[in-house]
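J.: make a model of this:
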Amino acid sequence: MSELNTDAFWMPFTPNRSYKAAPRIVERAEGIYLFEKSGRKIIDATAGLWCSNAGHCRSEIAQAIQQQAMKLDYSSIFNFGHELGFEYSERLVKHTPEGINRVFFGNSGSEAVESALKIALQYQRARGKGSRTMFIGREKGYHGVNFGGISVGGIAPNYQSFGQPVKANHMRHTLDIERNAFSKGLPEHGVELAEDLERLVAFHGADQIAAVIVEPFSGAGGVVLPPKGYLQRLREICDKHDLLLIFDEVISGWGRTGSPFASQEFGVTPDMITSAKGITNAAVPLGAVFVSDKIYNTVMDAAAEGTVEFFHGYTYSAHPVACAAGMATLDIYEREGLLTRAAGDIGKHWENALHSLADMDNVIDVRNYGLVGAIELRAPEHLKGKFGAKASALAWEAGVMARGIGDALCMSPPLIIEAHEIDEIVGKLREVITTLA
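T.: Prediction:
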C-alpha cells in the first residue's frame, strides 16, 4: 500500500503542518478503544469528542443506519415529512424537562446554537419586543463555530479570529482554582458570580437582551463546573428581567452528568436546550434544539394561518438516516440505563480515581462531575496555556486519548466504561504526569 498522502485535507482545529509531519491515525474503534493500524490499542477517554457515549461501533446503530438507507435515504423536510421524524421527536421529548416538548432539528451543535439564537429573536418579535436583539454569553463558553456561536462564545481565539457579527456581551467565567481546587462535584464558592448578569442587564438594558446562553458546565473551556446555586441564580435573574435562558447541552446532554440532561441533574429548567453529539452516539451528524411550549406557541400564534412561521431550516433537518441512528441510540441508552449510570457507583469510582492524582506535586486541581473530569497541571512559565497539549500528546503515546485544553487534561469517557478501565486510565496518566515533572 502506498504511503498516506495528507496534503489535500485541511484539518479543523489542528496545527496542520505540525500534525502532518507526524500524523496520528486511528484505523478502527470498538467499545471504549481506538486502534492504530499496528494494532496498538488506545483508551478513548474523551468518547470521541464528548460524543460516543455508548461506546464505538455499536452494531444496533450500524444496522439501523443500513436498513434506513435502503428504505428511505432522504426526503425533503420542507413542506413534506416522513413518519420517522415525528416518531423520533416524540420519543426525544420523553427525556427533556417538563414543559420543553418541541424539537427543531439541524446537523450539529453549531447549527443547534444558531437555530436557538434565531428562535429567541423570532420569539421576541412575535410578542412585540423586537428591540431585544442582544445575547449574553460567558467567558470560556463554547457554542460552536457559526457566526452566532462565536459571538456568544467566550473562547478567545475563536472570537478574536472572526470578530462578533452578532451583538453579544459576556459574563465572567466561574473557574476559581484558588478557592475551589480539588472540589468533588460542584464547587462550594462562586454563586455570587451570577450577579455579573445583573451588571450586564443594567449596562445594556433588559429591553435590548433577547436571551442568555450558557453551558451548564463548560466543556471546551476546560471542564468548568458551576458553583452550587449559580445556575439557579441565573434562572432567577432571567425571570426577573424577562430574559430567555438557553442551556447549551451539546456536551452535557445524554447521560454525561448522571441525568439525561444537566438541567435535570442541577435542578434548573431553561427555556431552550441545544443538543447534538451523544444524541446519535456521533454515528451520524444530528443536532436539535429543544424548545419550551411557551416559545413555540407564541411563535405559532403570531403568524397568519397558512404562512411560514419561522424562516429557518436545513436541507438535512431530521434526515431519515440520522433519525434512525438516533432511535437506535435511544434504545441502547434506555435498555442499558446509560442516561443515569454516571450518577451511580461508576461515577463515584471515577471521582475517587481522578482525585487520587491530587498527591502529585504538579497537579494543582482536579475537577469532576458524573463521568466528566479535568486535571489541571502546574505549567512551566514558557508553556503556560499550552501544557495540556503537551500532556495530551504524551498520554496518546501512553495509550490514552485525553484532550489538552489550556494547562488541563480533560476527559469524558464513554458511559459504558468499567472500574478497571478507569483505573487503567488514571494509572497511565500518573506515569505521564510524572514524566512531565
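J.: going forward, measure contacts and count neighbours with C-alpha atoms only.
T.: Fine.
J.: what about Leu429, neighbour count?
T.: For Leu429, the neighbour count with other C-alpha atoms under 10 Å is 25.
J.: flag the shaky bits of the protein, pLDDT-wise.
T.: Within the chain, the stretches with pLDDT under 70 are 1-2.
J.: give me the three-state assignment for the most centrally placed residue in it.
T.: Taking C-alpha atoms, centre = their mean as the criterion, Ile251 is the residue nearest the geometric centre of the chain, at 1.9 Å. Recorded secondary structure, Ile251: coil (DSSP: H, G, I helix; E, B strand; the rest coil).
J.: ok, it touching Trp50?
T.: Yes - using C-alpha atoms under 8 Å, Ile251 makes contact with Trp50 at a distance of 5.9 Å.
J.: which residues do the two both contact?
T.: 277-278 (C-alpha atoms under 8 Å, 6 or more residues apart in numbering).
J.: hmm, Ile61 is touching Leu330, no?
T.: No - in this structure, Ile61 is not within contact of Leu330 by C-alpha under 8 Å, at 9.7 Å.
J.: can you give me the strands for the stretch 201-350 of the chain?
T.: Along the stretch 201-350 of the chain, the stretches classed as strands by DSSP state E, counting those that start in this stretch are 209-214, 244-248, 272-275, 287-292.
J.: mean neighbour count and distance to Ala262 added to these, as TSV?
T.: Formatted as TSV, the strands of the stretch 201-350 of the chain follow (neighbours: other C-alpha atoms under 10 Å; distance: least, C-alpha to C-alpha, whole Å):
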stretch	mean neighbour count	distance to Ala262
strand 209-214	27	12
strand 244-248	26	9
strand 272-275	29	10
strand 287-292	26	14
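J.: dump these into JSON lines; add distance to Ile375 as well.
T.: Below are the strands of the stretch 201-350 of the chain laid out as JSON lines (distance: least, C-alpha to C-alpha, whole Å):
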{"stretch": "strand 209-214", "distance to Ile375": "22"}
{"stretch": "strand 244-248", "distance to Ile375": "23"}
{"stretch": "strand 272-275", "distance to Ile375": "26"}
{"stretch": "strand 287-292", "distance to Ile375": "29"}
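J.: what ranges do the strands span in the stretch 51-200 of the chain?
T.: 100-106, 134-138, 168-171.
J.: partners of the last one, with directions?
T.: Neighbouring strands of strand 168-171 in its sheet, by DSSP bridges, are strand 134-138 (parallel).
J.: I would like the residues contacting the strand it pairs with, please.
T.: 152-154, 166-173, 208-214.
J.: likewise for stretch 370-381?
T.: Taking C-alpha under 8 Å, 6+ apart as the rule, stretch 370-381 contacts 185, 222-223, 256-258, 342-343, 347-348, 350-351, 354, 362-368, 385, 387-388, 407-413, 415.
J.: buried subset of the residues you listed?
T.: The neighbour count (16 or more other C-alpha atoms under 10 Å) marks 185, 222-223, 256-258, 342-343, 347-348, 350-351, 354, 362-368, 387-388, 407-413, 415 as buried among the contacts of stretch 370-381.
J.: from the residues you listed, which land in helices?
T.: Applying DSSP state H to the buried ones among the contacts of stretch 370-381, the entries found in helices are 347-348, 350-351, 354, 387-388.
J.: any idea what the residue nearest to Ser89 when sequence neighbours are not counted is bridged to?
T.: Distance criterion C-alpha to C-alpha, 6 or more residues apart in numbering; nearest residue to Ser89, sequence neighbours excluded, is Val103 at 6.3 Å. For Val103, the beta-bridge partners under DSSP bridges are Phe290.
J.: surely Val103 touches Phe290?
T.: Yes - counting by C-alpha under 8 Å, Phe290 is a contact partner of Val103 at 4.8 Å.
J.: and the helix or strand where Leu34 lies, what does it pack onto?
T.: Per DSSP states H and E: Leu34 is located in strand 33-35. Counting contacts by 3 or more C-alpha pairs under 8 Å, 6 or more residues apart in numbering; DSSP states H and E, strand 33-35 packs against strand 28-30, strand 41-44.
J.: most tightly surrounded among those?
T.: Of all these, strand 41-44 carries the top mean neighbour count, a mean of 24, counting by mean count of other C-alpha atoms under 10 Å.
J.: so what are the sheet partners of it and their directions?
T.: The strands beside strand 41-44 in its sheet (DSSP bridges) come out as strand 33-35 (antiparallel), strand 400-401 (parallel).
J.: and of those strands, who's closest to Ala358?
T.: strand 400-401 (19.1 Å; C-alpha to C-alpha).
J.: sorry, back to before: right, and the strands of the stretch 51-200 of the chain - which one's nearest Ala322?
T.: strand 100-106 (10.3 Å).
J.: and Val212, how close does it get to Gly109?
T.: Noted for Val212: a distance of 17 Å to Gly109, by C-alpha to C-alpha, to the nearest Å.
J.: I'd assumed Asn180 was in contact with Asn368.
T.: No - contact criterion C-alpha under 8 Å: Asn368 and Asn180 do not qualify, at 11.8 Å.
J.: on that earlier part again, can you pull the contacts of the residue nearest to Ser89?
T.: Val103 neighbours (C-alpha under 8 Å, 6+ apart): 89, 93, 288-291.
J.: thank you kindly, that will do.
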